[in-house]
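S.K.: Return a 3D structure for these sequence lines:
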Amino acid sequence: MRWPKVILAAISLFGSVFGQSDTVGYTDSETGIKFQSFTDADTQVSWRVALPEKTEGDYDALIQIEGPANLGWIGWAWAGTMAYNPLTIVWANGKTVVHSSRIAYGFYTPSVYNETTYQVLKGTGVTGDTLKFTALCKGCTTWKDFDGNTQTLDLTQPARLAYALSHEVVESPSNSSSNFNIHDNVGHWNADLVASKSADFSSWVSKNTIPASNESFHFRNRRGA
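M.R.: Residues are numbered from 1 along each chain as shown. As a prediction, this is how the structure comes out:
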C-alpha cells in the first residue's frame with residue numbers, strides 16, 4: 001500500500017532539527033530498569049530507552065513502549081524519519097503484545113526488517129487497558145542510510161526520534177508480519193541518551209530475562225519480528 005507523501009514526508013524533517021531534551025528519568029517498578037522516558041500528552045503513550053555505559057559500535061538498547069491497549073499499533077523510528085532506519089512496531093493481541101521489526105525504503109507500508117532483533121523481557125503484556133512492551137534491542141542503534149553509509153545514534157546532543165500510531169487494528173493481529181494501514185498520529189521527541197546510560201545495563205537484562213520454558217508461552221519473540 002502506498003502512503004501519502006504529503007503526510008509521510010513531514011516525518012523526514014524530524015531528524016534534522018535538534019533541541020532540548022524532552023525526556024525525564026523513569027524507573028519501571030516491574031523491572032527496576034531506569035529509562036529516559038517521553039510521554040505524548042494527547043495519546044498517553046510512553047517511549048523509553050536505556051543504554052549501556054559503553055556505547056561503541058553497534059551497541060544494544062533496552063526499550064519500553066507503554067500505552068492504551070486499544071490502539072491499532074504503536075511505532076518508533078530510530079533515526080527520527082520514516083525511511084531507511086529501524087522501525088519498532090507493537091500492538092496488542094488479546095493479553096499478549098506482538099512486536100514487529102520493520103523498515104521503509106520509500107513512502108510505502110514498511111517491510112519486515114531482519115537486521116534488528118528483540119529479546120522480550122519481563123514487563124511485557126497487556127494488563128487491563130494498558131499495553132507494555134519491554135525488550136533488549138539488537139540493531140536499533142545502527143543502520144544503513146539511503147547511500148549505504150552506516151549511521152549510529154548520536155550521543156553528543158539530544159537525539160531526535162520519531163513516533164507514529166494508529167487507532168485502526170492491523171489486518172492480522174496474531175501475525176507479526178501483518179499489513180497495517182497508515183498512522184493517524186505522528187510526532188517526535190528529543191531523547192537525552194547520555195542520561196540513559198547505566199553501568200547496571202547488563203544486570204537489568206539478566207534480571208528480567210524470561211526463562212525459555214515460559215517465554216514461548218507468554219510472548220512472541222521471533223527474529224525479524
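
S.K.: where in this structure is pLDDT low?
M.R.: By pLDDT under 70, the low-scoring segments of the chain are 1-19, 213-225.

S.K.: And the helices in it?
M.R.: For the chain, applying DSSP state H gives helices covering 5-8, 201-207, 212-218.

S.K.: Restricting the selection to alpha carbons, write stretch 109-127 to PDB.
M.R.: Extracted in PDB, the C-alpha atoms of stretch 109-127 (Å, rounded to 0.1, in the frame of the first residue of the first chain):
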ATOM      1  CA  THR A 109       4.000   0.200   4.100                       C
ATOM      2  CA  PRO A 110       7.200  -0.800   5.900                       C
ATOM      3  CA  SER A 111       8.700  -4.200   5.100                       C
ATOM      4  CA  VAL A 112       9.800  -6.800   7.700                       C
ATOM      5  CA  TYR A 113      13.400  -6.000   8.700                       C
ATOM      6  CA  ASN A 114      15.700  -8.900   9.700                       C
ATOM      7  CA  GLU A 115      18.700  -6.800  10.900                       C
ATOM      8  CA  THR A 116      17.000  -5.900  14.200                       C
ATOM      9  CA  THR A 117      16.100  -8.500  16.800                       C
ATOM     10  CA  TYR A 118      14.300  -8.200  20.100                       C
ATOM     11  CA  GLN A 119      14.700 -10.200  23.300                       C
ATOM     12  CA  VAL A 120      11.400  -9.800  25.000                       C
ATOM     13  CA  LEU A 121      11.800  -9.200  28.700                       C
ATOM     14  CA  LYS A 122       9.700  -9.200  31.800                       C
ATOM     15  CA  GLY A 123       7.400  -6.200  31.900                       C
ATOM     16  CA  THR A 124       5.700  -7.200  28.700                       C
ATOM     17  CA  GLY A 125       2.000  -7.900  28.300                       C
ATOM     18  CA  VAL A 126      -1.500  -6.400  28.400                       C
ATOM     19  CA  THR A 127      -2.900  -5.500  31.900                       C
END
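
S.K.: Quick check: buried residues in that stretch?
M.R.: 110, 113, 116-126 (16 or more other Cβ atoms under 10 Å). The C-beta positions use only the backbone N, C-alpha and C, and glycine is treated the same way.

S.K.: How far does that stretch sit from its chain's centre?
M.R.: 8 Å (Cα atoms, centre = their mean, to the nearest Å).

S.K.: Repeat that for stretch 71-82.
M.R.: The chain centre lies 7 Å from the centre of stretch 71-82; the measure is Cα atoms, centre = their mean.

S.K.: ditto for stretch 121-129
M.R.: Its chain's C-alpha centre and that of stretch 121-129 lie 15 Å apart, by Cα atoms, centre = their mean.

S.K.: Same check on stretch 94-112?
M.R.: 10 Å.

S.K.: and which of the buried residues of stretch 109-127 is nearest residue 63?
M.R.: In terms of Cβ to Cβ, no member of those lies closer to residue 63 than residue 118, at 8.2 Å.

S.K.: how about the closest residue to the closest one other than its chain neighbours, what does it touch?
M.R.: Nearest non-adjacent residue to residue 118, counting by Cβ to Cβ, 6 or more residues apart in numbering: residue 135, 4.3 Å away. Residues in contact with residue 135 (Cβ atoms under 8 Å, 6 or more residues apart in numbering) are 62, 63, 64, 99, 118, 119, 120, 121, 124.

S.K.: want to throw those into JSON lines with distance to residue 143?
M.R.: Formatted as JSON lines, the contacts of residue 135 follow (distance: Cβ to Cβ, whole Å):
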{"residue": "62", "distance to residue 143": "18"}
{"residue": "63", "distance to residue 143": "15"}
{"residue": "64", "distance to residue 143": "21"}
{"residue": "99", "distance to residue 143": "18"}
{"residue": "118", "distance to residue 143": "15"}
{"residue": "119", "distance to residue 143": "19"}
{"residue": "120", "distance to residue 143": "21"}
{"residue": "121", "distance to residue 143": "22"}
{"residue": "124", "distance to residue 143": "24"}
